[in-house]
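> below are the sequence and a predicted model; questions follow.
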Amino acid sequence: PLYQKAQYLKSVPTLDLCPEDLKYEVAFAGRSNAGKSSALNVITSQKSLARTSKTPGRTQLINFFVLDEERALVDLPGYGFAKVNVKVKRAWEAGLSEYIEKRPQLKGVVLLMDSRMPPTDIDITMLDWTQHLELPVHILLTKSDKLKKGPAKANLLKLKKLLKEEYPHATAQLFSSLKREGLVEVWNKLDEWMEY
Ligand code: GDP
């Protein structure tokens, strides 16, 4: 409901250019095609909010969507390096880790992972970084409508087992943008981090 108010503010390449007067931010991260844009659109009940951050030139930027004077959702550049060289990858990692490590406004990270696939190396890197910072993470196992209930639940339980053993700062749930499954659960997590 509050998230419907999300409005595109700006896109920046580096931490030093991030807006100054915000107090609470929740960042969305995930490999390309994980379903991040679809999730952002459903969470904000806007048809094409995240299209803004998918326009050419913005996919590698940090995109800010403000909710009110103090709060914003932040769409981080997607990862997926099939066609990207090592130098670009390094630059991306440096930019992202800087934002995550040095942004006091950042209260939590929503990490999007395809429910049909095991965590990628870069998902694990993100879990390691955030763990080290004691920054909470909430994983959305996306496109859950593509699996039957049993296998979807099994994948969630498997992930939860890994989290319990190695990443206790992280929580997880199933999510489908298509069916709007898990939406209330995400909103509740965002409310908690945003102190709504
Ligand atoms: P992004 O690259 O992470 O922003 O991913 P997108 O949101 O653009 O989604 C990538 C592809 O997955 C698109 O073809 C979407 O239509 C599809 N997709 C995203 N979310 C869902 C979902 O909940 N269910 C299904 N079946 N497909 C989805």
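Perfect, I can see it now.
> nearest residue to the residue most central in space within the chain other than its sequence neighbours?
Centroid-nearest residue in the chain, with C-alpha atoms, centre = their mean: residue 28, separated by 1.9 Å. Nearest non-adjacent residue to residue 28, counting by C-beta to C-beta, 6 or more residues apart in numbering: residue 110, 4.9 Å away. C-betas here are computed from N, CA, C, even on glycine.
> name the SS class of that neighbour, please.
strand (DSSP: H, G, I helix; E, B strand; the rest coil).
> pLDDT score assigned to the residue lying farthest from the centre of the chain?
Distance from the centre of the chain peaks at residue 150, with 25.4 Å (C-alpha atoms, centre = their mean). With respect to pLDDT, residue 150 has a value of 98.
> distance check, it against the ligand.
According to C-beta to the nearest ligand atom, to the nearest Å, residue 150 stands 18 Å off from the ligand.
> in the helix or strand where that residue lies, what's buried?
Element membership for residue 150 (DSSP states H and E) is helix 149-166. Using 16 or more other C-beta atoms under 10 Å as the test for burial, helix 149-166 gives 152, 155-156, 159, 163.
> is it possible to export those to TSV including distance to the ligand?
What follows is the buried residues of helix 149-166, written out as TSV (distance: C-beta to the nearest ligand atom, whole Å):
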residue	distance to the ligand
152	12
155	14
156	15
159	17
163	21
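> and stretch 50-65, how far apart are its ends?
Stretch 50-65 stretches 9 Å from its first residue to its last (C-alpha to C-alpha, to the nearest Å).
> which parts of that stretch are buried?
50, 52-53, 58, 60-65.
> do the same with stretch 71-84
Buried, per 16+ other C-beta under 10 Å, within stretch 71-84: 71-79.
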